[in-house]
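# pasting the sequence and the predicted coordinates here, then a few questions.
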Amino acid sequence: MTNPFFIGCHLSPSKGYLAMGKDALSIKANTFQFFTRNPRGSRAKELDPADMAALQKLLETNGFGPVIAHAPYTLNACSSTPRTREFALETISDDLRRMEFLPGNFYNFHPGSHTGQGVETGIEQIAQMLNSVLTKEQSTTVLLETMAGKGSEVGRTFEEIRAILERVRLTEKMGVCLDTCHIWDGGYNIAQQLDEVLEQFDRVIGLDKLKAVHLNDSLNDLGSRKDRHARIGEGHIGFETLSRVIRHPKLQGIPFCLETPNDLEGYGAEIRRLRAAFEEEP
Ligand code: FE
Ligand code: FE
Ligand code: ZN
């Protein structure tokens, strides 16, 4: 049997979880991503188990792939400020507890910015945080996102991601989310050398750890370390390369999630275009 093609986009849970699933269905998405709480703040709404169960039902009935919860941007497990590190730990453990109401999905977070402490210390602190929140019982896979390398961001290189994974005890609970805009901005030339970049990923991290892809074009050029997303085909990576990404034999069956500047309708148009490209004869 061939792998299913899972494609979706970032959605807002502001009208509830079930409503978010219906939004996804309305644009023919069969995966999506959402923030667990205000992306720039810390407060999470009261948990509504019935709403989450209703979403879970919708996902199962409609053959969705795994969905991705995204941690807030403000979360930084390797800040030089102890209170910020503590907040990261508290937030992730609360989010993972909530995620058990949507069992078997993904929780993605930005490894963090070392804010002057150095990459080594950053890596240690991120791994330490993971070692204190991950549990054998959890059904959620936690994903480290590959970063653009803006400021003091940790996780620009595959080697840095591996260094974190190597230090985590419950590695079976961990995976990686590859963001096409971020790795492009980080210096990985997927336009000219997609096969080589994926081989490198496999050699350094292992493709078995690749659980999701954030499919974004980039407003900036290769190696710019900027992290500004563009719509598919409106940036420096281009439509042709991104359609090769979704069709790549080594990336079949994993969810692709758009984080492009779009409203629901715009996302729907991108999904239609990418589905058509996916189905095209080689
Ligand atoms: Fe992200
Ligand atoms: Fe991303
Ligand atoms: Zn980004």
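Received, thanks. Numbers count the residues shown, from 1 in each chain. Ligands and ions are numbered 1, 2, ... in the order given.

# for Gln56, give me phi and psi.
Backbone torsions of Gln56, given as degrees, to the nearest 10, read phi -50, psi -40.

# against Thr61, how distant is the residue in the stretch 1-150 of the chain that ligand 2 sits nearest to?
In the stretch 1-150 of the chain, the residue that lies nearest ligand 2 is Glu145 (5.5 Å; CB to the ion). Glycine gets a C-beta too; all of them are placed from N, C-alpha and C. Distance from Glu145 to Thr61, counting by CB to CB, to the nearest Å: 29 Å.

# between these two, who's got more neighbours?
Using other CB atoms under 10 Å as the criterion, Glu145 and Thr61 rank with Glu145 on top: 20 against 10.

# which helices and strands does the helix or strand containing Leu144 pack with?
Using DSSP states H and E, Leu144 sits in strand 141-145. Using 3 or more CB pairs under 8 Å, 6 or more residues apart in numbering; DSSP states H and E, the elements in contact with strand 141-145 are strand 106-109, helix 158-167, strand 174-179, strand 210-215.

# off-centre distance for the helix or strand following the shortest one?
Secondary structure here is assigned by DSSP H and E; on that basis, the next helix or strand after strand 106-109 toward the C-terminus is strand 112-113. For strand 112-113, the distance between its averaged C-alpha position and the chain's averaged C-alpha position is 15 Å (CA atoms, centre = their mean, to the nearest Å).

# touching, Gln200 and Phe158? I think so.
Yes: with contact defined as CB atoms under 8 Å, Gln200 and Phe158 form a contacting pair (6.2 Å).

# could you give the separation of stretch 84-103 from the chain centroid?
Taking CA atoms, centre = their mean, the mean C-alpha location of stretch 84-103 is offset from the chain mean by 16 Å.

# other residues contacting that stretch?
The set of residues external to stretch 84-103 that reach it, using CB atoms under 8 Å, 6 or more residues apart in numbering, is 17, 36-37, 42, 44, 47, 49, 52-53, 55-56, 67, 69, 71-72, 74-79, 105, 107, 109, 112, 125, 129, 132-135, 138-140, 142.

# can you say which of these are buried?
17, 36-37, 52, 55-56, 67, 69, 71-72, 74-79, 105, 107, 109, 112, 125, 129, 133-134, 138, 140, 142 (16 or more other CB atoms under 10 Å).

# ok so Lys15 is a strand residue?
No: Lys15 is assigned coil when assessed by DSSP: H, G, I helix; E, B strand; the rest coil, not a strand.

# from Asp48, how far off is it?
Lys15 is 12 Å from Asp48, by CB to CB.

# ranges for the strands of the stretch 151-282 of the chain?
153-154, 174-179, 210-215, 217-218, 229-230, 256-258 (DSSP state E, counting those that start in this stretch).

# turn those into CSV, including mean neighbour count.
Below are the strands of the stretch 151-282 of the chain laid out as CSV (neighbours: other CB atoms under 10 Å):
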stretch, mean neighbour count
strand 153-154, 26
strand 174-179, 24
strand 210-215, 24
strand 217-218, 25
strand 229-230, 22
strand 256-258, 26
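
# helix, strand, or coil at Gln33?
Put simply, Gln33 is strand when judged by three-state DSSP.

# many thanks, have a good one.
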